[in-house]
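Peer 1: Based on what follows, work out the 3D shape:
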Amino acid sequence: MSNLNQPSFCDYMSNLKTTPHKIFQIIEKLGEGTYASVYKALNKITDKLVAIKVFPAHNDQFAYLNEIEFLRKIDHPYIVKLHDVYKTNEEIWMVLDYCQLGSIQDLMNTTGKKFIRAGNSMCML
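Peer 2: Below is the predicted model:
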């Protein structure tokens, strides 16, 4: 499933909001990767928990532009939803669904179970 009635990617990126700190309160750091850090945050307006992936704005833009372009087009119950993107002078913030149980790797570590691929599907054993 995808969202076909969206502005072009260039239009989308040129109209990003610039004040994420007014809307979100960072609660804790969930993890860090090569290009970004992920935080658990509270939307101060809706009182809902979200995950915020923060990229330094001066880093390799290819790292986050592809992810933003892909996620903004996807609307599927098994893929985290990209709710919004903010750009400050220093950072790009991707506001995503917060997954309370963590990543697939976290689930595997917690349960001791492995995932296997069966055709185009993933199964937990």
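Peer 1: any low-confidence regions in this protein?
Peer 2: For the chain, the stretches with pLDDT under 70 are 1-7, 9-15, 59, 63, 115-125.
Peer 1: For stretch 24-38, buried residues please.
Peer 2: Going by neighbour count (16 or more other Cβ atoms under 10 Å), the buried part of stretch 24-38 is Phe24, Leu30, Ala36, Val38. For glycine as for every other residue, the C-beta is placed from the backbone atoms N, C-alpha and C.
Peer 1: helix or strand right after the biggest helix by length in the chain?
Peer 2: Assignment by DSSP state H gives helix 61-73 as the longest helix of the chain. Using DSSP states H and E, the helix or strand that follows helix 61-73 in sequence is strand 82-87.
Peer 1: For that following strand, give me every contacting residue.
Peer 2: Outside of strand 82-87, the residues within contact range by Cβ atoms under 8 Å, 6 or more residues apart in numbering are 12-13, 16-20, 50, 57, 68, 71-72, 74, 92-97.
Peer 1: rerun at 10 Å
Peer 2: The contact list for strand 82-87, computed with Cβ atoms under 10 Å, 6 or more residues apart in numbering, reads 12-24, 43, 48, 50-55, 57, 64, 67-75, 92-97.
Peer 1: Take the residues you listed and keep only those in helices.
Peer 2: Here DSSP H is the test, and those give 12-14, 20-23, 64, 67-73 as lying in helices.
Peer 1: Across the sheet, point out what pairs with the residue sitting nearest the centre point of the chain.
Peer 2: Nearest to the mean C-alpha position of the chain, by Cα atoms, centre = their mean, lies Leu96 at 3.9 Å. Beta-bridge partners recorded for Leu96 (DSSP bridges): Ala51, Leu82.
Peer 1: All set now, cheers.
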